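Asks: Generate coordinates for the sequence data below:
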Amino acid sequence: MMSPPLLLLMDCQKEHLPPACSESRAEADELVERIGRLLTNARYAGWNVAHCQLAREAKAFETFSSLTGPIDQLRPAGREPVYRRRAYSAYSDRAFERMIADYAERSVYIVGFSAPFSLMSTAFDAHERGHRPMLVSDAVGASPMGARSAETVCDLALTFIGRLIPLVNGEDVIEDWPLTPMPAAINQTGMRP
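Replies: Just a heads-up that it's a prediction; the model follows:
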């Protein structure tokens, strides 16, 4: 029997979502929905799931749930480890580095936000260590930078990341590791009846 893959959610925190009134919020909400579907399916199929978040000091007026907390639909389940790191790369957290070493011969899929920073830094470090995680390119987002839109920033980041680690899309994930068909109620809502 194959060992289950790992789905790694990077920086799925509210601070990476644009304001609700902005033009790019609809795209961000679609991305959250795509990541949420993968997460729900992965949990149902018995995959390992881990979360890696960039730790930063909350300002006095912020609360954990208001900005620095996880996106509601992508919240870690009780048994899922959460790695809080101080630098962009997931490998900057020693506990993460020990955990990911166990996946040298297994499939690792990365999804999340902060493509030009956290995801790219993690890809560089993975490449340097000879690790081959796969980035699910249609489940990755970025914020706008200057005059460049979030989509443009993400596309540029994916161009560089794709030179370091494989890029796949959600359909490739399903082909590589078939998911157990879920009852319709779970598939549509992401929750068990």
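
Asks: Return the distance of the nearest residue to Val140 once chain neighbours are set aside relative to Ala142.
Replies: Using C-beta to C-beta, 6 or more residues apart in numbering and skipping residues adjacent in sequence, the residue nearest Val140 is Ala115, 5.2 Å away. All C-beta atoms are positioned from the backbone trio N, CA, C, and that covers glycine. Computed as C-beta to C-beta, to the nearest Å, the Ala115 to Ala142 distance reads 4 Å.

Asks: list the residues that contact both of the two?
Replies: Val153, Cys154, Ala157 (C-beta atoms under 8 Å, 6 or more residues apart in numbering).

Asks: can you pull the contacts of the first one?
Replies: Meaning Val153. Ala115, Pro116, Ala142, Ser143, Pro144, Met145.

Asks: between the residues you listed, which is nearest Thr122?
Replies: Nearest to Thr122 among those, counting by C-beta to C-beta, is Ala115 at 10.4 Å.

Asks: and Pro4, what pLDDT?
Replies: On the pLDDT scale, Pro4 is placed at 87.

Asks: If you tally nearby residues, what's the number for it?
Replies: By the other C-beta atoms under 10 Å criterion, the neighbourhood of Pro4 contains 15 residues.

Asks: Among the shared contacts of Ala115 and Ala142, name the ones in helices.
Replies: With helices taken from DSSP state H, the overlap with the shared contacts of Ala115 and Ala142 comprises Val153, Cys154, Ala157.

Asks: In a markdown table: those residues, plus distance to Phe124.
Replies: Rendered in a markdown table, the data for those read as follows (distance: C-beta to C-beta, whole Å):
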| residue | distance to Phe124 |
| --- | --- |
| Val153 | 17 |
| Cys154 | 17 |
| Ala157 | 12 |
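
Asks: Give me the buried subset of the contacts of Val153.
Replies: Using 16 or more other C-beta atoms under 10 Å as the burial test, the contacts of Val153 include Ala115, Pro116, Ala142, Ser143, Pro144 as buried.

Asks: And the last one, its phi and psi?
Replies: Note on Pro144: backbone dihedrals following degrees, to the nearest 10 are phi -60, psi 150.

Asks: Find me whatever residue is spatially closest to it, sequence neighbours aside.
Replies: What sits nearest to Pro144 in space, not counting adjacent residues and going by C-beta to C-beta, 6+ apart, is Ala150, at 4.8 Å.

Asks: returning to what we had before: relative to Asp29, which of the ones in helices among the shared contacts of Ala115 and Ala142 is nearest.
Replies: Cys154 (15.3 Å).

Asks: Let's have the buried ones among the contacts of Val153 in CSV, adding pLDDT.
Replies: Listed next are these as CSV, based on pLDDT from 0 to 100:
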residue, pLDDT
Ala115, 86
Pro116, 87
Ala142, 86
Ser143, 81
Pro144, 78
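
Asks: So Glu105, which state does it fall into?
Replies: Three-state assignment for Glu105 (DSSP: H, G, I helix; E, B strand; the rest coil): coil.

Asks: Roughly how far does it sit from Ser3?
Replies: 8 Å.
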